[in-house]
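[1] Based on what follows, work out the 3D shape:
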Amino acid sequence: MVDTKSPGDKTLSVPTKTLTLKPRVETGTVRQSFSHGRTKQVVVEKRGKRRVGSDAPGETHAPEPVVAKPAPVVAKAPPARPAAPRAGSGVVLRTLTEDERSARASALADAKVRDIEERRLAEEEAKRRSSKEGIEQAEREAAEARRKAEEDRHRLEEEAKRKAELEAKKRFGEAEAKTATTTAPGTTTARPAARPTASAVPPARAPGVAADGSDEDEGPRQIRRGPGGVMRPAVPPKTTHKPGPQKERGRLTLVTALDADNVRERSIASFRRRTQRLKGHASNEPKEKIIREVVIPEAINIQELANRMSERAVDVIRLLMKQGAMHKITDVIDADTAQLIAEEMGHTVKRVAASDVEEGLFDIVDDSTDTEPRSPVVTVMGHVDHGKTSLLDALRHANVVSGEAGGITQHIGAYQVTSPESGKKITFIDTPGHAAFTAMRARGAKVTDIVILVVAADDGVMPQTIEAINHAKAAKVPMIIAINKIDKPDAKPERVRTELLQHEVQVESFGGEVVDVEVSAKNKTNLDKLLEMIALQAELLDLKTNAERPAEGTVIEARLDRGRGPVATVLVQRGTLRIGDIIVAGAEMGRVRALINDQGVNIDEAGPSVPVEVLGFNGPPEAGDRMAVVENEARARQVTSYRAHQKRENAAASISGMRGSLEQMMSQLKTSGRKDFPLIIKADVQGSLEAILGSLEKLGTDEVAARILHAGVGGISESDVTLAEGFNAAIIGFSVRANKEAAAAAKRNGIEIRYYNIIYDLVDDIKKAMSGLLAPTLRETMLGNAQILEVFNISKVGKVAGCRVTDGNVERGANVRLIRDNVVVHEGKLSTLKRFKDEVKEVQSGQECGMAFENYGDMRPGDVIECYRVETIQRSL
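    Residues are numbered from 1 along each chain as shown. I've put the predicted structure just below:
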């Protein structure tokens, strides 16, 4: 404030602003209120706008002028800064003196110098930070700054809490002096401001300059009195923040208030773990090694092996590296290597295989005290059309032959016949005699006890008869020779016996051990004698089994019935099969839903040597698979999953063996040029499908072969038509038909579906179709020779050779060769053949004619023209 006196001896208080380069900042606190009783105290800053040479808004001039004295009186500084004048007080700002101007100029000059110095320091700092040491120093400084900032934040929070407590106490009516004395360190002490008077006006100061000439900074300060009574801002002492237990922050609730004194202690379990850990570290005694029995399968990875031994995988890999093998933790090693590692580490080994799931499934030895006699199983074998099915019909008093397509047996069948004399039952298995059904005959020989070899007396021993003899010898079962068709006039039974000697089959009439019976299925001659011989042979074999054990058997045939699902014809060999049993056959499992005997009657159980149709499989099993009853579904799933896995691996191995690498396939295609005939085959039963596939495989040659895209049992479905459309394949149906949707799709897409009931016709048609893929044979037929006498150049025609036919004849359109000095110069066709001026088709020997070649004109006198015809001959398989 400046002390001025008017002529009327009036004293006026003129407020003076502190001159500074920075805007004045006024700070305060405001408490915000939110919902649910929540409040928050925030700091508010009020920045004033700097004005130079003008009054503050609201200020007015007094009516009387203010005269400044030459030497202003310096009054003592008041305890606090005087408050700003109120608007309308009637005061006028005086003119700056010479000293004030110089002080202001020096302050500005000092500010510029400081600016230049700061820029220089900033550039040096940037250069220093560009180096590695500078970067590290900057990181350390940044960390120190963050630490200081954290300390300041904690300090400010404490101050804010104290201020909040003070305000709360003020509201509840505590003493004002007490609130004024309680202030936080580092803040400006607030005191009541006295009204400025004329005797207490401080001298004017330049902006940014204190009363003693020092710089004035922003922020809260403590005011201390310097020498001479001059007030100076005192820097607050630095306080080192000591980290202590942090106070819990958050809302004050009933739960937090009650749990404020509770301190979370260590749990008893944690204390015990710590004690055990300390004991373990204290005692360095080696632990006793535990010897384990390690179960090792056929292949195991290193991690699993280490887990089973309770060893570290690193130790296993280290042991392998010592043996010269580098492995990862996920590598798979064989059982032998795993056994060596386990034994090296001191463990015992138990070797297991994936096939162990089948142990105890078959061939369990029966107790001799529980066995009882069973019916013999007899298989009828022989050449096609020798009367096997007719003989069996005569024994059964049935007519199976009439139901077979073409009068030949194409399916394997099982029947039971009761002997009229003994009353005992005999199980007969009828096998096809066609060459394609070799696998069926082999299956029949495996499951049988006795083989009846049927030989026609008028036909003798044939190829399938020889094959049946070999099957019976391989199965090591006794044979009974039935010489059939003795009622025919040209029957010669003696010739049959003689021919059998060539194949080491010696009948009893020739001093051997093989029983032979002359029968006639048509006239039913000697059928009782045949049954008697079968019963005698069965007594000699002493066939016994245990009927109370779980059933075992063999799948003779399997098919997919549209109404009943998968149906398997099973011959029970041991035990008794009952409804509800869980069965396994090959890769298929199921529960027996129904049992149907050979007469079509539903039965509840089937004993030994009884053929039945079994319903309840998940899918049709393969013909020839062994069937067994298991104790539960879990065991059945283990067995079927293992078998399905083996089946997939075998199929993949065969496919990979056939495919080979891409280079091998391309080289084979270039060298052989083999063509494929794509087919999709659906049959009624597994045996017929097997026979068809075997026959088509035999048709293949180096040039053409049948490619089976899909083969299955059951009717032709829409998916089969879709597959055939993708590969442009033909669909073959053997004793099956396509459903309505499949037939419509095939007609719409132009897919050919062929139906067959006789395997002869199927094989013959496929053979003809495959023959069409064979490249035809080209054969040259020599026609004649002609010699060129003269060459004429005719416009619009070109060169024409005048020739004389020396031998044979020459035809228009035939192939020709132009020979010059016994070297073939050109091969082509005759475009023109003229006799005089007329076009002719043929010129005989000794005649002259004119010839012109297609697209060739280099002909000379003396050349020889050789005329020939190329004939195409179609080949067949």
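[2] quick one: which helix or strand includes the nearest residue in space to residue 839 that is not next to it in sequence?
    Sequence neighbours aside, residue 833 is the residue nearest to residue 839 in space, at 6.9 Å (criterion: CB to CB, 6 or more residues apart in numbering). For glycine as for every other residue, the C-beta is placed from the backbone atoms N, C-alpha and C. Residue 833 is part of strand 823-835, with elements assigned from DSSP states H and E.
[3] Measure how far the helix or strand that that strand is followed by is from the centre of its chain, please.
    Going down the chain from strand 823-835, the next helix or strand is strand 838-839, by DSSP H and E. In terms of CA atoms, centre = their mean, to the nearest Å, the centre of strand 838-839 is found 76 Å from the chain centre.
[4] Which strands and helices lie in contact with the helix or strand that comes right after strand 838-839?
    Scanning forward in sequence from strand 838-839 by DSSP H and E, the next helix or strand is strand 842-843. Counting contacts by 3 or more CB pairs under 8 Å, 6 or more residues apart in numbering; DSSP states H and E, strand 842-843 is packed against strand 810-811, strand 823-835.
[5] What helices and strands are in contact with the shortest one?
    Helices and strands touching strand 810-811, by 3+ CB pairs under 8 Å, 6+ apart, are strand 777-794, strand 823-835, strand 842-843, strand 864-873.
[6] Could you identify which of those is most buried?
    A comparison of the helices and strands packed on strand 810-811 by mean neighbour count, using mean count of other CB atoms under 10 Å, puts strand 842-843 on top with a mean of 20.
[7] circling back: between the helices and strands packed on strand 842-843, which one is nearest to residue 300?
    Nearest to residue 300 among the helices and strands packed on strand 842-843 is strand 823-835 (70.1 Å), distances taken as CB to CB.
[8] I would like the residues contacting that closest one, please.
    Contact with strand 823-835 is made by 797, 800, 810-819, 839-843, 847-856, 858, 863, 867, as judged by CB atoms under 8 Å, 6 or more residues apart in numbering.
[9] at 7 Å instead, please
    Defining contact as CB atoms under 7 Å, 6 or more residues apart in numbering, one finds that strand 823-835 is touched by 800, 810, 812-819, 839-840, 843, 849-854, 856.
[10] which of those residues are buried?
    Buried members of these, counted by 16 or more other CB atoms under 10 Å: 800, 810, 812, 814-816, 818, 843, 849-853, 856.
[11] tell me the secondary structure for residue 422?
    On the three-state scheme (DSSP: H, G, I helix; E, B strand; the rest coil), residue 422 is labelled coil.
[12] Just want the angle from the strand holding residue 833 to strand 864-873.
    On the basis of axes from the mean of the first three to the mean of the last three CA atoms, to 10 degrees, strand 823-835 is oriented at 90 degrees to strand 864-873.
[13] roughly how far is strand 823-835 from the heart of the chain?
    66 Å.
[14] mind listing what's buried in stretch 309-317?
    Applying 16+ other CB under 10 Å to stretch 309-317 flags 309, 311, 313, 316, 317 as buried.
[15] cool, stretch 487-505 as well?
    491, 492, 493, 496, 497, 499, 500, 505.
[16] gap between the two ends of it?
    One end of stretch 487-505 sits 24 Å from the other (CA to CA, to the nearest Å).
[17] again with stretch 292-311
    End-to-end for stretch 292-311, by CA to CA: 11 Å.
[18] Now do the buried residues in it.
    By neighbour count on 16+ other CB under 10 Å, the buried set for stretch 292-311 is 292, 294, 296, 300, 301, 302, 304, 305, 306, 308, 309, 311.
[19] Averaged pLDDT, stretch 123-137. What do you get?
    For stretch 123-137, mean pLDDT rounds to 74.
[20] report the longest helix in the protein, please.
    In the chain, with assignment by DSSP state H, the single longest helix is helix 132-171.
[21] name the helices or strands packed onto it?
    In terms of contacts (3 or more CB pairs under 7 Å, 6 or more residues apart in numbering; DSSP states H and E), helix 132-171 is packed against helix 98-130, helix 176-181.
[22] per-stretch mean pLDDT over the ones you listed, give me the minimum one.
    Of all the helices and strands packed on helix 132-171, helix 176-181 has the smallest average pLDDT, which comes to a mean of 44.
[23] closest one to residue 443 among the helices and strands packed on strand 810-811?
    Proximity to residue 443 (CB to CB) singles out strand 777-794 among the helices and strands packed on strand 810-811, at 42.4 Å.
[24] Keeping just the C-alphas, turn the helix or strand just after that closest one into CSV.
    Per DSSP H and E, strand 777-794 leads on to strand 798-808 as the next helix or strand towards the C-terminus. These are the backbone C-alpha positions of strand 798-808, laid out as CSV (Å, rounded to 0.1, in the frame of the first residue of the first chain):
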residue,chain,number,x,y,z
GLY,A,798,-0.5,-78.3,-106.7
LYS,A,799,2.0,-81.0,-107.6
VAL,A,800,0.7,-84.3,-108.9
ALA,A,801,2.9,-87.4,-109.4
GLY,A,802,2.4,-89.5,-112.5
CYS,A,803,2.9,-93.1,-111.3
ARG,A,804,2.7,-96.6,-112.4
VAL,A,805,1.5,-99.3,-110.0
THR,A,806,4.2,-102.0,-109.9
ASP,A,807,2.5,-104.5,-107.6
GLY,A,808,-0.8,-104.9,-105.7
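[25] what's the spacing between strand 798-808 and its chain's center?
    On CA atoms, centre = their mean, the centre of strand 798-808 falls 75 Å from the chain's centre.
[26] Pull out the buried positions in it.
    800, 801, 802, 803, 805, 808.
[27] what distance separates stretch 330-350 from the centre of its chain?
    For stretch 330-350, the distance to the chain centre is 30 Å (CA atoms, centre = their mean).
[28] For that stretch, what does the pLDDT average out to?
    Mean predicted confidence for stretch 330-350 is 91.
[29] got the contact list for that stretch?
    289, 291-303, 305, 309, 311, 316, 319, 351.
[30] how about a cut-off of 6 Å?
    Under the criterion CB atoms under 6 Å, 6 or more residues apart in numbering, residues 292-296, 298-302, 305, 309, 316, 319 lie in contact with stretch 330-350.
[31] in that stretch, what counts as buried?
    Quick answer for stretch 330-350 (16+ other CB under 10 Å): 333, 335, 337, 338, 339, 341, 342, 345, 347, 349.
[32] Strands - which of the residues you listed land there?
    Counting by DSSP state E, the buried residues of stretch 330-350 place 333, 349 in strands.
[33] which among the buried residues of stretch 330-350 gets closest to residue 375?
    Looking across those and measuring by CB to CB, the closest to residue 375 is residue 335, at 45.3 Å.
[34] Next one: that closest one relative to residue 294, how far apart?
    Going from residue 335 to residue 294 by CB to CB, to the nearest Å gives 11 Å.
[35] now residue 624
    Remark: distance between residue 624 and residue 294 (CB to CB) = 38 Å.
[36] try residue 641
    Here the criterion is CB to CB. By it, residue 641 lies 24 Å from residue 294.
[37] ditto for residue 413
    52 Å.
[38] Residue 719 now?
    Distance of residue 719 to residue 294, computed by CB to CB: 48 Å.
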